[in-house]
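Colleague: predicted model and sequence below, questions to follow.
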Amino acid sequence: MMSHTPTNTGKNKSSSEVTINLVDGKASTTSLDVANHFGKRHDDVLKRIRNLDCPADFTLRNFAECSRNGANNKPEPYFRMTRDGFTLLCMGFTGKQAMHWKVAYILAFNKMEQVLLEQPRAPDHGELVQFAMKTLELMRNRTPDQPPRPATEQVVRNYLALESLEQATPEQLKQALSFLQGQIIGEGAAAQSLPGVAGSTIAKDMLYSTLRSAHDTEMLFNALYDQGAEWLMSEHFKNHMANQLAETSKHARELLGYVSSHATRNPFSYKQTC
């Protein structure tokens, strides 16, 4: 969890600074903070949240009911809310001080979301495994004169000895990704036409690097595209994507150069001695 606490510049001396926390990758605040800043009783804020007339899916996405130890170690409920949840809850609060705190929260949310924009987003192994399975499935389907083979997902489940990939641990997903990338290398055109060259350790390392870089780039783009245009317009994303694409091109050029320089050689031919 990371938090951002901008300086309190308002006239309300009794209220603490606005605190925005990063929880599960989302900027959020709590009903406790809102009650404190807007001068409300916390039980009234809880009641207001529970009585909000909004769709259930909106409530699920933007309000999470939590609990903490209160007086005499008794559980005390509170809500953690996103920017959208905060906006819906507090839009009806009126008065000069209410407006001051609305502005303070908006600025704090903006600053936290800017921090999120500047953070590198590591690809999720589950997404990488799904992408690798689709890639391998396409390559296997395009292989001519081959008998029917088990579905790629079934092959991966058998490899991990799991009934469902949803049961896979992060470590098992890493193993599955390495396994799939090895299978993709074996299905590649170079492996079919130049088995001696493509089967070498050097070529496999190069192809593995190219595939992984391409996977990472596509997953990064897809993840940020889903977040909206503001993510794609950030300078950090532009630089990171440019570096990823440059790395992919570099790996591809190295692999092409290696295969081209060795394509005319027969790695299994030996000089005969009399």
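Modeller: Looks like it came in fine. Numbering: from 1, shown residues only.
Colleague: which stretches of this structure form strands?
Modeller: 2-4, 20-23, 26-30, 63-69, 75-82 (DSSP state E).
Colleague: report the separation between Ala151 and Met133.
Modeller: Remark: distance between Ala151 and Met133 (Cβ to Cβ, to the nearest Å) = 9 Å. Where you see a C-beta, it was placed from the backbone N, CA and C, and this is true even at glycine.
Colleague: which one of these two is surrounded by more residues?
Modeller: Met133 (21 against 12; other Cβ atoms under 10 Å).
Colleague: show the pLDDT at the more buried one.
Modeller: As predicted, Met133 sits at a pLDDT of 83.
Colleague: of all the strands of the chain, which one is nearest His42?
Modeller: Nearest to His42, of all these, is strand 75-82, at 7.3 Å by Cβ to Cβ.
Colleague: give me the sheet partners of that closest one and which way each runs.
Modeller: Paired neighbours of strand 75-82 in the sheet (DSSP bridges): strand 26-30 (antiparallel), strand 63-69 (antiparallel).
Colleague: that one: which residues count as buried?
Modeller: For strand 75-82, burial by neighbour count (16 or more other Cβ atoms under 10 Å) applies to 78-82.
Colleague: ok, stretch 38-53 next?
Modeller: Under the neighbour-count criterion of 16+ other Cβ under 10 Å, stretch 38-53 has 38, 40, 42, 45-46, 48-49 buried.
Colleague: now do stretch 86-100
Modeller: In stretch 86-100, the ones that count as buried by 16+ other Cβ under 10 Å are 86, 88-90, 93, 97-98, 100.
Colleague: pull it out as PDB, backbone CA atoms only.
Modeller: C-alpha atoms of stretch 86-100 as PDB (Å, rounded to 0.1, in the frame of the first residue of the first chain):
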ATOM      1  CA  PHE A  86     -16.200   9.300  -3.100                       C
ATOM      2  CA  THR A  87     -17.700  11.600  -5.800                       C
ATOM      3  CA  LEU A  88     -21.100   9.900  -5.500                       C
ATOM      4  CA  LEU A  89     -21.100  10.000  -1.700                       C
ATOM      5  CA  CYS A  90     -20.000  13.600  -1.300                       C
ATOM      6  CA  MET A  91     -21.600  15.300  -4.200                       C
ATOM      7  CA  GLY A  92     -24.500  16.300  -1.900                       C
ATOM      8  CA  PHE A  93     -22.300  17.800   0.800                       C
ATOM      9  CA  THR A  94     -22.700  21.600   0.800                       C
ATOM     10  CA  GLY A  95     -21.100  24.600   2.400                       C
ATOM     11  CA  LYS A  96     -17.800  26.500   2.100                       C
ATOM     12  CA  GLN A  97     -15.700  23.900   4.000                       C
ATOM     13  CA  ALA A  98     -17.400  21.000   2.100                       C
ATOM     14  CA  MET A  99     -16.300  22.600  -1.200                       C
ATOM     15  CA  HIS A 100     -12.800  23.000   0.200                       C
END
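Colleague: give me the contacts around it.
Modeller: For stretch 86-100, the external contacting residues (Cβ atoms under 8 Å, 6 or more residues apart in numbering) are 10-12, 29, 34, 38-39, 45, 48-49, 52, 54, 58, 62, 81, 101-102, 105, 109.
Colleague: show me how this protein divides into domains.
Modeller: 2-117, 125-262 (automatic domain parsing).
Colleague: lowest-pLDDT helix or strand in this structure?
Modeller: Scoring the helices and strands of the chain by mean pLDDT, DSSP states H and E places helix 195-198 at the bottom, with a mean of 48.
Colleague: now the helices for this protein?
Modeller: All helices of the chain, identified by DSSP state H, fall at 31-37, 42-50, 56-62, 83-90, 96-117, 125-141, 152-160, 170-187, 189-193, 195-198, 201-227, 229-232, 235-262.
Colleague: by mean pLDDT, show me the worst of those.
Modeller: helix 195-198 (a mean of 48).
Colleague: give me the neighbour count for the residue lying closest to Gly25 once chain neighbours are set aside.
Modeller: Leaving aside its sequence neighbours, Gly25 sits nearest to Leu116 (Cβ to Cβ, 6 or more residues apart in numbering; 7.4 Å). For Leu116, the neighbour count with other Cβ under 10 Å is 16.
Colleague: same question for Ser164.
Modeller: 9.
Colleague: these two touch, right, it and Arg157?
Modeller: Yes: counting by Cβ atoms under 8 Å, Ser164 touches Arg157, with 7.1 Å between them.
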